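[1] Prediction below, plus the sequence it came from.
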Amino acid sequence: MTSSPLQQALDPEEFRRQGHALIDRLADHLKSMNGREGETVLPWHPPEKQWQDWQALLARGKGMALSEFVEQVLERSIRLHHPGYFGHQVGPPLPAAALLDALAAFLNNGLAVYEMAPAGAAMEWSLLQWMADKLGLPDTSQGLFTSGGSLGNLTALLAARSAFRSRYPQLPASDARLLVSDQAHYSVLRAAQVMGLAADQVVSLPTGADYRLTAETLQVTIEKEKAAGKLPFVLVANACSTATGSFDPLAALAAVCRQHGLWFHVDAAHGAPFCLSPRLKSRLDGIEFADSVVWDAHKMMMVPSLLTAVLFREGRHAWSSFASEASYLFRERAEREWFNLGHRTLECTKGMMAMKLFGVLSLYGEEVLIEHLEGRVQQAQAFAQQLRSDSEFELALEPQANIVCFRHRPPAGRDWNQHQRDLRRRLIEEGRFFLVQTDLGDRTYLRCCFMNPRSEASDWMALLERLRLLGNLQHPFF
């Protein structure tokens with residue numbers, strides 16, 4: 001008897017065949033990512049062309065083989081495993097972590113309530129306690145996982161405002177002030193908008209030449225706001241900043257926050273895992289005094305996106321952002337239900353996101369992560385040293401993390417900022433390398449983020465040589 005299309009799609013033996021073929025193809029793809037066999041880091045297609053091609057594939061209807069679909073995706077996607085990738089703060093995951101992500105997708109357990117994800121709930125709770133301990137937070141700490149740093153920052157800031165309102169119930173809401181570094185991630189400003197804060201309620205604090213906030217600047221700002229009849233309720237500090245990888249002096253900022261009763265939130269989406277490394281953890285000195293911390297495991301811990309921890313110094317605050325009643329899900333008081341995770345997060349049908357990091361730690365331990373973290377920072381420092389010794393390039397600042405900002409000196413008569421933008425565009429369209437750009441004040445810089453353990457010194461030296469060649473062409477690029 002002929003099986004139906006649904007029965008065919010659910011067939012275990014077909015799944016076995018497809019799975020083996022997929023893993024074989026991905027292993028071949030990984031093996032080819034050495035940058036020396038003609039593979040490009042970004043097979044460039046203009047957005048309109050990319051969209052038209054995918055529309056045409058969709059219009060074909062059913063009948064495409066899985067192998068063909070996989071090839072289409074591989075041929076049209078950026079390749080984070082390529083050693084020429086020096087781009088955004090998203091790195092290539094460990095192959096085993098990707099397999100664990102597939103396991104989570106296959107099980108499709110939602111973590112709102114315990115009976116829908118008993119293993120996932122226990123893994124998440126255990127991993128959050130491990131992370132809090134690594135940061136030096138007290139035993140009272142609790143937290144949650146959520147999908148990305150943007151939602152993580154929002155969750156923490158909502159809790160900060162809730163705590164503030166409980167202390168000052170009579171204060172007009174419009175008098176509250178959120179203090180942020182001028183290097184804060186854009187998600188902090190978006191969170192303020194979602195919270196309904198007016199533009200004048202978000203106070204941007206200037207950083208110094210090293211793009212770090214100082215305790216003196218914070219102290220002066222708080223006193224100024226109070227003198228104007230306003231009351232700051234939270235400071236958002238960086239560990240580290242997205243643009244430059246600069247770590248704010250957390251201990252000094254925490255002391256000022258304690259003096260004035262401010263909630264101290266640390267956006268450590270990128271830099272939090274530095275706490276694992278004996279060589280790097282001093283950059284986080286003072287994070288143990290934070291009231292809340294955001295930690296993105298998908299940035300520097302070699303797991304697929306997304307996996308963001310929001311950790312609270314006092315566990316009771318983990319319940320205050322999205323507390324709600326739903327009798328069809330929850331039967332007990334929220335304070336007693338650590339295992340029903342929907343009490344604490346905006347997301348209800350949240351996947352088993354903690355599994356991939358829990359699995360990496362179970363398979364390899366912390367050692368593989370420490371090696372990765374220290375290796376990428378060492379590469380950034382070596383790259384910066386090369387830039388300092390080359391008269392054709394200008395280093396923006398000494399790197400504290402795995403992020404390096406620099407400029408190529410243009411030939412006489414060319415605009416510095418446009419020169420950097422043109423260089424990056426030309427480089428990306430060639431496809432051999434991928435890097436990004438950032439604006440620091442009124443200056444545009446090229447920005448390399450060392451995320452890939454497959455990248456070697458010969459790769460970034462080749463990048464500089466290509467920038468040198470393109471940058472010294474006698475005619476403008478476009």
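    Arrived safely.

[2] how about the strands in the stretch 201-350 of the chain?
    202-205, 231-238, 263-267, 292-296, 308-312 (DSSP state E, counting those that start in this stretch).

[3] so what's D200 scoring on pLDDT?
    Here, the pLDDT recorded for D200 equals 96.

[4] in the stretch 251-400 of the chain, which spans are helices?
    With DSSP state H, counting those that start in this stretch as the criterion, the stretch 251-400 of the chain has helices at 297-300, 354-364, 366-388.

[5] Of all these, which one is nearest P411?
    Closest of these to P411 is helix 366-388, at 18.6 Å (criterion: C-beta to C-beta). Every residue, glycine included, has its C-beta placed from N, CA and C.

[6] Buried residues in the closest one, which are they?
    368-370, 372-374, 376-377, 379-381, 383-384, 386-387 (16 or more other C-beta atoms under 10 Å).

[7] same thing with stretch 304-320?
    Neighbour-count burial for stretch 304-320 [16+ other C-beta under 10 Å]: 304-315, 317-320.

[8] low-scoring stretches of the stretch 1-150 of the chain, by residue?
    Filtered on pLDDT under 70, the stretch 1-150 of the chain yields the residue ranges 1, 35-38.

[9] Quick one: the strands in it, in order.
    85-86, 142-146.

[10] Off-centre distance for the shortest one?
    Yep, that's strand 85-86 we're talking about. 15 Å (C-alpha atoms, centre = their mean, to the nearest Å).

[11] can you put the helices of the stretch 251-400 of the chain in TSV and add mean pLDDT and distance to D101?
    Shown next, in TSV, are those (pLDDT from 0 to 100; distance: least, C-beta to C-beta, whole Å):
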stretch	mean pLDDT	distance to D101
helix 297-300	96	10
helix 354-364	97	5
helix 366-388	98	17
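
[12] one step back: which one of the strands of the stretch 201-350 of the chain is the most hemmed in?
    strand 292-296 (a mean of 30; mean count of other C-beta atoms under 10 Å).

[13] packing partners for it?
    Secondary-structure packing of strand 292-296 (3 or more C-beta pairs under 8 Å, 6 or more residues apart in numbering; DSSP states H and E): helix 118-135, helix 149-167, strand 263-267, strand 308-312.

[14] distance between the third one and the chain's centre?
    For strand 263-267, the separation from the chain centroid amounts to 17 Å (computed by C-alpha atoms, centre = their mean).

[15] try the last one
    The offset between the C-alpha centroid of strand 308-312 and the centroid of the whole chain comes to 13 Å, using C-alpha atoms, centre = their mean.

[16] What residue spans form the domains of the chain?
    The record assigns the chain these domain ranges, following automatic domain parsing: 14-42+78-93+365-478, 110-364.

[17] could you dump those domains to TSV with distance to L58?
    Shown next, in TSV, are these (distance: least, C-beta to C-beta, whole Å):
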stretch	distance to L58
domain 14-42+78-93+365-478	20
domain 110-364	24
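
[18] Tell me which of those domains lies nearest to S4.
    domain 14-42+78-93+365-478 (13.4 Å).

[19] just checking, L178 is part of a strand?
    Yes: counting by DSSP: H, G, I helix; E, B strand; the rest coil, L178 is located in a strand.
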